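Participant: After the sequence you'll find the predicted model.
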Amino acid sequence: MCDGQAGGTAAGRPSRRAVIGSAAVVGAAALGAVGVPGRALAAPERGRADGARTRLVLLGTAGGPVPIAERSGISSAVVVGDRTYLFDAGRGSTGQYVRAGLPLKSLRAVFVTHLHADHTADLFNYLMLAQASPDGDALVPPVEVFGPGPAGAMGPPFAGPRPVPDVNPDNPTPGLKDLINGSLNANAYTFNIYGREGATPIHPESILKLTEIDVSRTGADALKNRAPRIRPFTVFEDDRIRVQATLGAHGLVFPAFGFRCETPDGVITFSGDTAYHENIIELAHRSDVLVHEAVSVDYYKDKNQNEAFIEHLKEAHTDVTQVGDVARRADAGKLVLSHLGPAKPSMVPDRTWYQGARKSYRGPVVVGNDLVTVPLRGKRG
């Protein structure tokens, strides 16, 4: 397997069968504001938003790992012309990608905010299921994938001793490369059969180019300071977009990233999973669209959830009444609520999410639902 390292240390030597990983991306620890001007956009709509060169497509808007019928797992696509850039790949992402009318051959890069399963459940499916198609719509290599390296250490539980032993105690904090290589090895039989049957025209190792984002120069660490104040740093750039990252505060998770996607028609920022944090406010400065996670702490309190879980919500997520303040301080043009927890409309209806965010933000608010599209159509005034 490919031995990616966390914290910016030198990458280990990959074995012959490893997926090839690119050089790590390094972020600067200096503080400072992002001075990129935002841009304007039209109202959200379901479907393809015909006529918009650049658009945000919400593939899945549910928070948490539990499958529900009303919303798919967290995943979003930024489409710029004939190219697609994916942000997280939660449960059902591959099916939603196709339902949204996005060609597999248009996928150029994937950005993973963190390695919780509800953000990665379908990540390997893009490699395993999207290589060959009767109509020729298949992944075009290389598809670049950016995400966290190994955390290197595991913080203590919120309350009391661990109730169960760690899984894989020899490697309890695997990173992006471990995730993909382990999945590749576990599915070797499928790929080998496909290859013999002529169903896969190229070797799966040649499709993905993996980069574990290096945070070694930020002063962050997995135990004492998982989200210090840092300046956003560039992780990817081509002739269509530039993507910057920062660190969010997601409880025990390290690292947890937010991403800023700058396009010719506007700026879209994804908070990732995070508590209220200055890093995300800076990352989202003058964004046209801020896609921010939201939880309802009051809902869980009313259901008499235990104190450890409530503490987890406060340290790892942003209450919907705080999300509007993030958007207001960032001067975001539009706020899109996603990664909703709880995600069932019968538990928290869309109107309640909307009202919570509007308490401190007067701009447009969109309560995220699957396959909603937000077009970007030009510069902000």
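Facilitator: Yep, that arrived.
Participant: quick one: the helices in the protein?
Facilitator: Per DSSP state H, the chain has helices spanning 93-99, 117-120, 123-129, 176-186, 188-197, 278-283, 297-302, 307-316, 320-330, 350-358. These are given in chain order.
Participant: what about the fifth one, distance to the chain center?
Facilitator: Put simply, helix 188-197 sits 30 Å off its chain's centre (Cα atoms, centre = their mean, to the nearest Å).
Participant: same question, the last one
Facilitator: When distances are taken as Cα atoms, centre = their mean, helix 350-358 is centred 23 Å away from the chain's centroid.
Participant: Would you mind listing the residues in contact with residue 325?
Facilitator: Under the criterion of Cβ atoms under 8 Å, 6 or more residues apart in numbering, the contact partners of residue 325 comprise 276, 360, 361. The C-beta positions use only the backbone N, C-alpha and C, and glycine is treated the same way.
Participant: from what I can see the first one touches residue 329, true?
Facilitator: I take that to be residue 276. No: distance between residue 276 and residue 329: 10.0 Å, which falls outside the contact criterion (Cβ atoms under 8 Å).
Participant: just to revisit the earlier point, okay if I get the helices of the chain as JSON lines plus distance to residue 77?
Facilitator: Below are these laid out as JSON lines (distance: least, Cβ to Cβ, whole Å):
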{"stretch": "helix 93-99", "distance to residue 77": "7"}
{"stretch": "helix 117-120", "distance to residue 77": "14"}
{"stretch": "helix 123-129", "distance to residue 77": "12"}
{"stretch": "helix 176-186", "distance to residue 77": "19"}
{"stretch": "helix 188-197", "distance to residue 77": "26"}
{"stretch": "helix 278-283", "distance to residue 77": "19"}
{"stretch": "helix 297-302", "distance to residue 77": "29"}
{"stretch": "helix 307-316", "distance to residue 77": "25"}
{"stretch": "helix 320-330", "distance to residue 77": "21"}
{"stretch": "helix 350-358", "distance to residue 77": "22"}
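Participant: which residues are in contact with both of residue 276 and residue 329?
Facilitator: For the pair residue 276 and residue 329, no residue contacts each of them under the criterion Cβ under 8 Å, 6+ apart.
Participant: Quick one: the helices of the chain as a markdown table, columns for mean pLDDT and distance to residue 72 too.
Facilitator: Putting the helices of the chain into a markdown table (pLDDT from 0 to 100; distance: least, Cβ to Cβ, whole Å) gives the following:
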| stretch | mean pLDDT | distance to residue 72 |
| --- | --- | --- |
| helix 93-99 | 97 | 5 |
| helix 117-120 | 98 | 10 |
| helix 123-129 | 92 | 13 |
| helix 176-186 | 97 | 20 |
| helix 188-197 | 90 | 24 |
| helix 278-283 | 98 | 24 |
| helix 297-302 | 94 | 21 |
| helix 307-316 | 90 | 21 |
| helix 320-330 | 98 | 20 |
| helix 350-358 | 98 | 16 |
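Participant: quick one: the strands in the stretch 1-150 of the chain?
Facilitator: For the stretch 1-150 of the chain, the strands identified by DSSP state E, counting those that start in this stretch occupy 39-41, 45-46, 54-60, 75-80, 83-87, 107-111, 143-148, in order along the chain.
Participant: average pLDDT for the first one?
Facilitator: Along strand 39-41, the predicted local confidence has a mean pLDDT of 31.
Participant: Of the contacts of residue 325, grab the buried ones for ChimeraX.
Facilitator: Only the buried members of the contacts of residue 325 end up in this ChimeraX selection, burial being decided by 16 or more other Cβ atoms under 10 Å:
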select :276,361
